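Participant: Okay, structure incoming, though there's no sequence with it:
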């Protein structure tokens, strides 16, 4: 397929962004999580604005039918934020739902239909026991050929990880170093599901053993702790517990406006200069297991639209639902070469917060949490804060962030969205 | 809320449309239904085209998570139609899912991102027993305040019907005449779920009685038959069986292109000149039960964008999930006055196929069937065929159809979409 160069008829900027606290939130519903994100977003708009000027609402949600017996999440989120009767819709593309919602909102403005739209997502997942949630999430794979055969997502990504190990000599320690790095970041994120380093967790386990009068394990470092199957059991080899993102409740949203009015709201708007989206075959029918073709293509589209190269991007939020996913992502995005270079980037500090290419400074899905329908929007919230220098203790300080990118995968790569943001 | 006049940056035309057979389709999945609609659409494009030129796919689907344990319907429909790796997404707004998909596709083209997109929807509903399907559909109401209290859709629409009776003196016979009219139309639609008039059904019941050696009921006409509770039982008063649309499997899709290239594909493109969408409060929290405010607002937006009035519209496909819904629709659209005038329009022949304002010449949701995620797109397929004079035995012949409209409701009115189509 030859693709013409994409160009929007009108520029779009972000002028506000907010998120709920991520974690286990037994006291709230999806729409209440969204309202929490909405209020946080409202307070982020420097010069303030009248929420009644919002013209439409795009909400990503993956599975409230299954978790809450609730569909029509768009209209419900409009209701709870006082935005009825604006047009409101729900997008579902599994774990990429809210990135697709963001992209649709961009096109809504670029089309001339709207000047200001609210985009975001919400997911309340902690209602069911984890095994049921795993089954609900498996609806995102191919029911006919994958989940019906017993595959769930830890297993699907495990297949990619073992293929990567076989092809490139990637080790389980390479995977675990992604988790260590992302927890180092997320420990500084007050809204993260697990705001702890893995060293913190290790020390906590030692303290618990002491408290119970049990022998205190003498792990030398995090890696030794992570090698202990009593504390980090295998879920689907090589995915151990600490290779997997948690089941999280949360919501996030962003205020988009036509770029010609952006300065009415803030001196620091951020411009969306590139957007790519692609679909992919299911895993059982895919040409490779060591990269995600849809992500490569979405990245290529986004770079072309933005007129920038991978090396121009300062920071990136990428889809690390499992540790192998980040290793594939940073290769698919062209940051590192597929194989050993990408697999060792975290261990070598290249993707650390103070590295040459900081990746997932929010903590990523792994540590910040992965409320599936909200994740893409939450990535953008982190980019919004980092680019404006408002990320607090986890602010990247070793560079000016002029270009940032988010990369969000739906399911096992049947959808991918990559978007590029510019500070001018 | 004051709303600025909406205007798209670029015009959009329809050059192809197709649908699967509607009905109980035990042999196929959602994606196979979509493929069937896709092939029908391909054959409708007068000068042919290369499907590989399609740049994106927008799929409406309401509940495949619940019926098929399958989400990500966008990517799956791309896969089955050979459109991977195009961007593909799923929209869910209950029974308005595919109308919202159509509208998003329009904005995708108007934004400059795409020149050609495929929009549509699919729903496979007959998998579960009807009582479970009714519960699955109830996820479209407010789970916290409505379905949790025992409300399902026959009951929600029954509340609107009894309110209409109380306020305007509407009778159950007024409702039933909508069903009789729509079955008269659908009997001529070879793809309808029930291609039979109610008289056909009555005669069939008589023949069955005779065959079984039972007393043959001597109903004088359809209305007497419909008054017989043995054959037309109450579901939720005043909704009897024949006031309710069936549970249907089906899919439909439309090929949209930028208007400057429309003539490459056909001499008879149809132009989308008006599009409106609005959200509404849930029924328990709504200011009226005798109309759907979101539909009124969506209609107003569509008329304003198109620069036309209700009386200019030649034919309309409207959302008759229950007979009362059509009576409210034709008032909300401004065709007839809310109350007695709208309630008696079907009985007086005004909305008949040869009436002054033909409504649901396809048979409507009532007779053609209501595969919820496909319904909006299927309405547009009927409009495509009628405006091009290709509707066969049910073609409207007493007027030139220059302007047509479709009206699609999500849930009990939390979403409404109205779009207007022009033949030039």
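Facilitator: Noted; the coordinates are in hand. Keep in mind that what you see is a predicted model, and the values were worked out from it rather than measured.
Participant: residue boundaries of the strands in chain A?
Facilitator: Counting by DSSP state E, one finds strands in chain A at the ranges A:12-19, A:56-60, A:88-92, A:116-123, A:234-236, A:239-240, A:250-258, A:270-279, A:315-317, A:403-410, A:415-423.
Participant: Starting from the second one, tell me which strands it pairs with and how they run.
Facilitator: Looking at strand A:56-60 with DSSP bridges, its partner strands are strand A:88-92 (parallel), strand A:116-123 (parallel).
Participant: Just want the angle from the shortest one to strand B:270-279.
Facilitator: It stands for strand A:88-92. If you take axes from the mean of the first three to the mean of the last three Cα atoms, to 10 degrees, strand A:88-92 sits at 100 degrees to strand B:270-279.
Participant: ok, and which of the strands paired with strand A:56-60 has the densest surroundings?
Facilitator: The densest packing among the strands paired with strand A:56-60, expressed as mean neighbour count by mean count of other Cβ atoms under 10 Å in any protein chain shown, is seen in strand A:88-92 with a mean of 33. Every C-beta, even on glycine, is put in place using the N, C-alpha and C of the backbone.
Participant: what's residue A:275 in contact with, if anything?
Facilitator: Taking Cβ atoms under 8 Å, 6 or more residues apart in numbering or on different chains, we find residue A:275 in contact with A:6, A:8, A:103, A:106, A:301-302, A:305, A:417-420, B:113.
Participant: As a markdown table, these with distance to residue B:288, neighbour count and pLDDT would be great.
Facilitator: Listed next are those as a markdown table, based on distance: Cβ to Cβ, whole Å; neighbours: other Cβ atoms under 10 Å in any protein chain shown; pLDDT from 0 to 100:
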| residue | distance to residue B:288 | neighbour count | pLDDT |
| --- | --- | --- | --- |
| A:6 | 44 | 18 | 69 |
| A:8 | 40 | 20 | 87 |
| A:103 | 36 | 28 | 98 |
| A:106 | 35 | 24 | 98 |
| A:301 | 46 | 22 | 97 |
| A:302 | 46 | 26 | 97 |
| A:305 | 46 | 20 | 96 |
| A:417 | 40 | 33 | 98 |
| A:418 | 45 | 33 | 98 |
| A:419 | 41 | 27 | 98 |
| A:420 | 46 | 25 | 98 |
| B:113 | 39 | 24 | 96 |
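Participant: Nearest to residue A:411 among those residues?
Facilitator: residue A:417 (12.4 Å; Cβ to Cβ).
Participant: so how many other residues sit close to the nearest residue to residue A:254 once chain neighbours are set aside?
Facilitator: For residue A:254, ignoring the flanking residues on the chain, the nearest one in space by Cβ to Cβ, 6 or more residues apart in numbering or on different chains is residue A:17 at 4.7 Å. Applying other Cβ atoms under 10 Å in any protein chain shown, we find 28 other residues in the vicinity of residue A:17.
Participant: correct me, but residue A:17 touches residue A:256?
Facilitator: No. Between residue A:17 and residue A:256 there is no contact under Cβ atoms under 8 Å: 9.9 Å.
Participant: Without its sequence neighbours, what residue ends up closest to residue A:406?
Facilitator: With Cβ to Cβ, 6+ apart as the measure, residue A:379 is the residue that lies nearest to residue A:406, at 4.0 Å, once sequence neighbours are left out.
Participant: meant to ask about residue A:191, not that
Facilitator: Excluding its sequence neighbours, the residue lying closest to residue A:191 (Cβ to Cβ, 6+ apart) is residue A:21, at 5.0 Å.
Participant: can you pull the contacts of the one you found?
Facilitator: Listed by Cβ under 8 Å, 6+ apart, the contact partners of residue A:21 are A:36, A:191, A:250.
Participant: got a winner among the residues you listed for most neighbours?
Facilitator: Each of the contacts of residue A:21 was scored by neighbours using other Cβ under 10 Å; the highest score is residue A:250's, at 32 neighbours.
Participant: check contacts around that residue.
Facilitator: A:19-23, A:25, A:33, A:37, A:122-123, A:193, A:369, A:371, A:374, A:378.
Participant: The closest residue to chain B within the stretch 201-350 of chain A: neighbouring residues, count only.
Facilitator: Here the residue of the stretch 201-350 of chain A nearest chain B is residue A:277; by Cβ to the nearest Cβ that distance is 3.7 Å. By the criterion of other Cβ under 10 Å, residue A:277 has 30 neighbours.
Participant: Assess the claim that it and residue A:301 are in contact.
Facilitator: Yes. Counting by Cβ under 8 Å, residue A:277 does reach residue A:301; the two are 7.4 Å apart.
Participant: Common neighbours of the two, please.
Facilitator: Going by Cβ under 8 Å, 6+ apart, residues that sit against residue A:277 and also against residue A:301 are residue A:418.
Participant: from the middle of its chain, how far away would the worst-scoring helix or strand of chain A on mean pLDDT be?
Facilitator: Every helix and strand of chain A was ranked by mean pLDDT, DSSP states H and E. The lowest is helix A:130-137, at a mean of 92. Computed by Cα atoms, centre = their mean, to the nearest Å, the separation of helix A:130-137 from the middle of its chain amounts to 19 Å.
Participant: what are the phi and psi values for the residue of the stretch 301-424 of chain A found nearest chain B?
Facilitator: In the stretch 301-424 of chain A, no residue comes nearer to chain B than residue A:414, which is 3.8 Å away by Cβ to the nearest Cβ. When read as degrees, to the nearest 10, the backbone of residue A:414 gives phi -80, psi -20.
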